[in-house]
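A.B. asks: Below is the structure, and that's it, no one-letter string:
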């Protein structure tokens, strides 16, 4: 059942991704025009053109991702005692790493900086990494975990401190498989992941009975005062794509009973 959910989620996102959806709607409208269905094509092209222009001109996508990023914040004061630091995969660029025989990080590479800082602050606790490969068709004996292990040791974390989970393909499997590897089932763990992904990660962890404290990084939105008309579609898509994926993911996880709430909140507030 989990494999079916994984495949369906990938196929669904292939259709609902905003970038893909724009192309799909343009293709549909063009097909209508070629078949002399001009009136029907106009009903698609006119609103699509307006929405695409607005998306290019102004970072409206920040308004979609900022509620996710604001849902959890870093602790005002780090707890005196924790049982480990959980680092979720997603910052690694698997195909590029294999292509260039290197260890490449993407936008979510901030997760490793946070892991290094926390590892220094808590020199005795394990660093618990979870991540396999979220790619649907690409099969290889290498995965995100193999990249993560090299990067974590390169930035100064001793190999004996690492606990690696390398089979998970999504957030649900991250925590499902991590449960077996945690040093203390009822312990308290700092959770490092992207801020926009934190609500789904926290909700999934709570559903699995794992006690985590949010430590969000990798923010994608700008403060309202810094948003401006800049006509930068590519930059705006960097917020729109993950925001859309997370809202869809939160809804799907809630319907499937994989998260504790549709939009989990910070219980410490």
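C.D. replies: Sure, I can see it. Keep in mind that what you see is a predicted model, and the values were worked out from it rather than measured.
A.B. asks: Just give the nearest non-adjacent residue to the residue positioned nearest the centre of the chain, would you?
C.D. replies: What sits nearest the mean C-alpha location of the chain, by Cα atoms, centre = their mean, is residue 197, with 4.6 Å. Computed as Cβ to Cβ, 6 or more residues apart in numbering, the closest residue to residue 197 that is not its neighbour in sequence is residue 246, at 6.3 Å. (Glycine included, C-beta is placed from N, CA and C.)
A.B. asks: Skipping adjacent residues, who's closest to residue 263 in space?
C.D. replies: Excluding its sequence neighbours, the residue lying closest to residue 263 (Cβ to Cβ, 6+ apart) is residue 199, at 5.8 Å.
A.B. asks: Can you tell me the element that neighbour falls in?
C.D. replies: helix 198-207 (DSSP states H and E).
A.B. asks: and the gap between residue 41 and residue 52?
C.D. replies: The spacing between residue 41 and residue 52, counted by Cβ to Cβ, to the nearest Å, is 15 Å.
A.B. asks: Would you mind telling me which of those two has the busier surroundings?
C.D. replies: residue 41 (18 against 15; other Cβ atoms under 10 Å).
A.B. asks: Residue 176 reaches residue 209, doesn't it?
C.D. replies: No: in this structure residue 176 lies outside contact range of residue 209 using Cβ atoms under 8 Å: 11.0 Å.
A.B. asks: okay, those two: which has more neighbours?
C.D. replies: Comparing residue 176 with residue 209 by other Cβ under 10 Å, the one with more neighbours is residue 176, at 20 against 11.
A.B. asks: got a list of what the more buried one touches?
C.D. replies: 168, 208 (Cβ atoms under 8 Å, 6 or more residues apart in numbering).
A.B. asks: Phi and psi next, for it.
C.D. replies: Main-chain dihedrals, residue 176, degrees, to the nearest 10: phi -60, psi -50.
A.B. asks: can you pull the pLDDT of it?
C.D. replies: With respect to pLDDT, residue 176 scores 94.
A.B. asks: Against residue 174, how distant is the residue nearest to the centre of the chain?
C.D. replies: In terms of Cβ to Cβ, residue 197 sits 10 Å off from residue 174.
A.B. asks: what sits in contact with each of these two?
C.D. replies: Here residue 197 and residue 174 share the contacting residues residue 88, scored by Cβ under 8 Å, 6+ apart.
A.B. asks: Quick one: mean pLDDT over the single longest helix found in the chain.
C.D. replies: Longest helix in the chain, counting residues (DSSP state H): helix 233-255. For helix 233-255, the mean pLDDT works out to 94.
A.B. asks: tell me which residues in it are buried?
C.D. replies: Residues 236-247, 249-250, 252-254 are the ones in helix 233-255 that count as buried (16 or more other Cβ atoms under 10 Å).
A.B. asks: so what does that helix touch, helix or strand wise?
C.D. replies: helix 2-16, helix 18-34, helix 38-57, helix 61-69, helix 171-178, helix 198-207 (3 or more Cβ pairs under 8 Å, 6 or more residues apart in numbering; DSSP states H and E).
A.B. asks: Figure out the helix or strand that residue 212 lives in.
C.D. replies: strand 211-217.
A.B. asks: Which other helices and strands does that strand contact?
C.D. replies: Going by 3+ Cβ pairs under 8 Å, 6+ apart, strand 211-217 lies up against helix 110-121, strand 188-194, helix 198-207.
A.B. asks: Need the residues touching each of residue 176 and residue 209.
C.D. replies: When Cβ under 8 Å, 6+ apart defines a contact, no residue borders residue 176 and residue 209 alike.
A.B. asks: By neighbour count, which bits of stretch 150-162 are buried? Give me those.
C.D. replies: Those would be 151, 152, 157, 161, 162, for stretch 150-162 by 16+ other Cβ under 10 Å.
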